[in-house]
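# Give me a model of this one.
(one chain, ligands or ions: 1)
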Amino acid sequence: MDETTSEPEAVRRPASGTESSRANRAWWDENADEYQQDHGAFLGDARFVWCPEGLDEAEAELLGPASALRGRDVLEVGAGAAQCSRWLAAQGARPVALDLSHRQLRHALRLGRADGGPDDGPDGSEPGFPLVEADATALPFAAGSFDLACSAFGALPFVAEPDRVMREVRRVLRPGGRWVFSVTHPLRWALADEPGPAGLTVLASYFDRTPYVEQDARGRTVYAEHHRTLGDRVRDVVGAGFRLVDLVEPEWPDWNQQVWGGWSPLRGRLVPGTAIFVCERG
Ligand SMILES: C[S@@+](CC[C@H](N)C(=O)[O-])C[C@H]1O[C@@H](n2cnc3c(N)ncnc32)[C@H](O)[C@@H]1O
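Just a heads-up that it's a prediction; the model follows:
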């Protein structure tokens, strides 16, 4: 078999934290261009979209009223091309966009160049806020650096140790700081990841936490996703010292006709696809 061209094999097996980070960094570096090409228009260059359902922070105000964001230090975890951070900057906040993937952060620079707006740096190639290449399980910031933290599907579905991310976010937040993150709704784990009717059939146990892994012909992990049940996520949040303020399950709106991976109007109208946790640091 030609190892360089064969498709990765999808399996369910354990994948360590280091193994998952290494694989996912390479996967996002390799797939960032295609991801931005496929989803960039829906995400918008400077919108804050929480999920494929299209819930927008401008209307949801899960981080608080937009008018209260001015002057706030905000960490975006797993920022991708940092579209959310660009929206935050436009509200007068001081975002820092962190991501594991160099190529995703290159797209943040590209967006800075594309619109040439007032948030751009002096040479027109900077987004006007820091981009940080790092792993969400080891945040390179001093304790108490931020007022708010957010993540729209960044890092948490992909890390083997989400409790480490929780503890790290708590450490870098100031007391009373809000931490809002969206992830794939845990219910989806049990269903086939298909946008059509096949995606309405239970295929696996919701309670089976064995990671979803794609591996190459030599058995090396090239992509990993990690499952937490709803209860696991709540325990991660509370165990790290946060108070859970709300759990938002966005409903699929009529205007949204897109299919994004396993997300679709068909499934969205019947079962939740996204869970958004609104937490506050004690
Ligand atoms: C689905 S994208 C979400 C980004 C953005 N909110 C969006 O909707 O495009 C997931 C992002 O998480 C990043 N990521 C994955 N694992 C990470 C980790 N351990 N630490 C930091 N970022 C990570 C990926 O590089 C990717 O950019």
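# Quick check: buried residues in stretch 48-68?
48-55, 57, 60, 62-63, 66 (16 or more other CB atoms under 10 Å). The C-beta positions use only the backbone N, C-alpha and C, and glycine is treated the same way.
# Over to stretch 174-194?
Buried residues in stretch 174-194 (16+ other CB under 10 Å): 177-194.
# Just the ones in strands from these, please.
177-184 (DSSP state E).
# quick check, nearest of those to Trp255?
Closest approach between these and Trp255, by CB to CB: Ser182, at 19.2 Å.
# Helices of the protein, start to end?
17-43, 57-60, 83-90, 102-115, 162-172, 230-239, 265-268 (DSSP state H).
# The first one versus helix 162-172: what angle between them?
The one in question is helix 17-43. Calculated by axes from the mean of the first three to the mean of the last three CA atoms, to 10 degrees, helix 17-43 forms an angle of 70 degrees with helix 162-172.
# so how far is helix 17-43 from its chain's centroid?
Helix 17-43 sits 11 Å away from the centroid of its parent chain (CA atoms, centre = their mean, to the nearest Å).
# again, but for stretch 262-279
14 Å.
# Buried residues in the helix or strand bottoming out on mean pLDDT in the chain, which are they?
Here the helix or strand of the chain ranked lowest by mean pLDDT, DSSP states H and E is helix 102-115, holding a mean of 87. By 16+ other CB under 10 Å, the buried positions in helix 102-115 come out as 103-105, 107-112.
# And stretch 275-282, by the same measure?
275-281.
# what pLDDT, on average, does that stretch get?
What stretch 275-282 shows for mean pLDDT is 97.
# List of residues touching it?
For stretch 275-282, contacts defined as CB atoms under 8 Å, 6 or more residues apart in numbering pick out 50-51, 55, 62, 170, 173-186, 230, 233, 237, 241-250.
# With that, I have no additional questions.
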